[in-house]
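Q: sharing a model that was predicted from the sequence below.
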Amino acid sequence: MLKPIYQVASIFAISLSAMNISHAEITNSDIQRFASQMNQAANSKSISTVNRLVSDDALISISRRGRTSTLDKANYLNLLQTNWARATQYHYNIQINNMISTGKQAKADIITVETITEDKRTLKLITTSRATFSETPNGVVLTRAISNLTIE
C-alpha cells in the first residue's frame, strides 16, 4: 500500500495527465472523428448532430461560377435541410486531408459530395474547401470554410 504522500503525488500526476489531455492540440484522429460524425449525421438527416458539429459563429463562404455567398450557421443548416427535404434520395460523403494543427485550432482541406435525386434527376454537388476547426469541451467543431462548389 502506498504511503499517503505517494498517493497524493500519484493523484496529482494523474490530474496533470488529464489536464494535458484536455488541453492537447487537435489531432488528425480528432478531424477524422469529426468527418465520420458529419458523414453519419448528414446521411441520417440528423440536424441536431450537424448543429453540434458546427460552431455557433461559423461562417461558410461558397463560390460558384464567380459568385460568392457567405452562410452563417443558421443559413447552412437551413440549406442542408432544404436539400434533404427535396431529395427522394440523398447521400453525403466527406473526406478531410492535409490537416495542420496549431493547438486548439486546425486547418484542413475538405471535399464533400452530396448526391441528390429529385424528380428522377440526380445531381452531384461537389464542394472543395479549406476549413478551420476549433476544439471545444464537446469536441471539434467547424468554424470557417472557404469553398468552391461544382454541380454535375
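A: In hand now; what should we look at? Residues are numbered from 1 along each chain as shown.
Q: dihedrals phi and psi, Tyr76?
A: Per-residue torsions, Tyr76: phi -60, psi -50 (degrees, to the nearest 10).
Q: I'd say it and Ile60 touch.
A: Yes - counting by CB atoms under 8 Å, Tyr76 does reach Ile60; the two are 5.4 Å apart. To be clear about C-beta, it is placed using only N, CA and C from the backbone, and glycine gets the same treatment.
Q: between the two, which one's more packed in?
A: Legend: neighbour count by other CB atoms under 10 Å for Tyr76 and Ile60, higher for Ile60 (22 against 19).
Q: chain center to the host helix or strand of that one: distance?
A: Assessed by DSSP states H and E, Ile60 sits inside strand 54-64. Between the centre of strand 54-64 and the centre of its chain there are 11 Å (CA atoms, centre = their mean, to the nearest Å).
Q: with stretch 92-109 instead?
A: Here stretch 92-109 is found 9 Å from its chain centre; the criterion is CA atoms, centre = their mean.
Q: before we move on, what about stretch 61-68?
A: 21 Å.
Q: list the buried residues for it?
A: Ile62 (16 or more other CB atoms under 10 Å).
Q: numbering from 45 from now on, please.
A: All set: I'll call the first residue 45, so the last point we hit is now stretch 105-112.
Q: and the end-to-end length of it?
A: 7 Å (CA to CA, to the nearest Å).
Q: okay but Asn182 is in contact with Leu97, surely?
A: No - counting by CB under 8 Å, Asn182 does not reach Leu97; the two are 9.4 Å apart.
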